[in-house]
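Colleague: Provide a 3D model corresponding to the input given below.
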Amino acid sequence: GWLRSVRYGSLAVAGFALVLLGIEIMQTIGPALQTRGLFAWFVQEAQTSLLWGIIAGAAVTALVHSSAAVIAMAMGLAAVQGIPVELGVAITIGANVGTCVTALIAGMSSSRAGRYVAWSHILLNVGGAILFYPFIHQLVSLSALLANDASEQIARSQTIFNVACSLIALPLCYLNMWKRLEFRSQ
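Modeller: This is a model prediction of the structure:
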């Protein structure tokens, strides 16, 4: 009974500690990344189009299956002026898209309801990225009102992105109910 609870609690604490350790390690590699030619090329290309940041965020998150680690790396790079805040926000939005790979993998071997949730997650994040891409500069300006530090601005942008996407998608969750109400009123 209680021993099993202690075991599972210990596993949860250990897992969380490993995630925090991974984030710390990802943040410490920022200065080493800046000296690499590929990284310099990426930052230069991202100056012409922030779509590079979204693609990079999605690709790296799909590979490591952790948007938290990718976002922490972007925050660490922005904190040391390795990347501009706009690029960090684009990477963060891309990280949200990259989490869709995990949802897709989980949904493939799931029930119908599980597949529905996976596809809803994909539509929410990809749709949100498409919706927010033209407004990244405005998102950065809004987050700058809420925080001074570059890494905090990225974190605030992530929160604004997720809350706004969820609020926009919320009415879509009740489409069947709206159709039924409309049918009854006729």
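Colleague: to the chain's geometric centre, what's the distance from the lengthiest helix in the chain?
Modeller: The longest helix of the chain (DSSP state H) is helix 2-28. The chain centroid and the centroid of helix 2-28 are separated by 21 Å under Cα atoms, centre = their mean, to the nearest Å.
Colleague: Show me what that helix packs onto, helices and strands only.
Modeller: Using 3 or more Cβ pairs under 8 Å, 6 or more residues apart in numbering; DSSP states H and E, the elements in contact with helix 2-28 are helix 67-79. All C-beta spots, glycine's among them, are computed from the backbone N, C-alpha and C.
Colleague: helices or strands up against the helix it packs on?
Modeller: Counting by 3+ Cβ pairs under 8 Å, 6+ apart, helix 67-79 packs on helix 2-28, helix 30-34, helix 51-64, helix 85-108, helix 150-173.
Colleague: Report pLDDT for residue 165.
Modeller: Looking at residue 165, its pLDDT reads 93.
Colleague: Can you list the low-confidence ranges for the protein?
Modeller: When residues are selected by pLDDT under 70, those of the chain lie in 23, 26-27, 29-36, 177-186.
Colleague: Next, work out how far apart the residue minimising distance to the centre of it and residue 38 are.
Modeller: Centroid check for the chain by Cα atoms, centre = their mean gives residue 96 as the closest residue, at 2.9 Å. Look at residue 96 and residue 38: by Cβ to Cβ, to the nearest Å, they are 24 Å apart.
Colleague: Kindly report the same for residue 12.
Modeller: Distance, residue 12 to residue 38, by Cβ to Cβ: 37 Å.
Colleague: Repeat that for residue 167.
Modeller: Relative to residue 38, residue 167 is positioned 38 Å away (Cβ to Cβ).
Colleague: on that earlier part again, out of the helices and strands packed on helix 67-79, nearest to residue 73?
Modeller: helix 2-28 (4.2 Å; Cβ to Cβ).
Colleague: If I take the closest one and helix 51-64, what angle do their directions form?
Modeller: Put simply, helix 2-28 runs at 140 degrees to helix 51-64, going by axes from the mean of the first three to the mean of the last three Cα atoms, to 10 degrees.
Colleague: Just give me the neighbour total for residue 166.
Modeller: Residue 166 has 12 neighbours, counted by other Cβ atoms under 10 Å.
Colleague: Residue 124 is in contact with that one, correct?
Modeller: Yes - assessed by Cβ atoms under 8 Å, residue 166 is found in contact with residue 124 at 7.4 Å.
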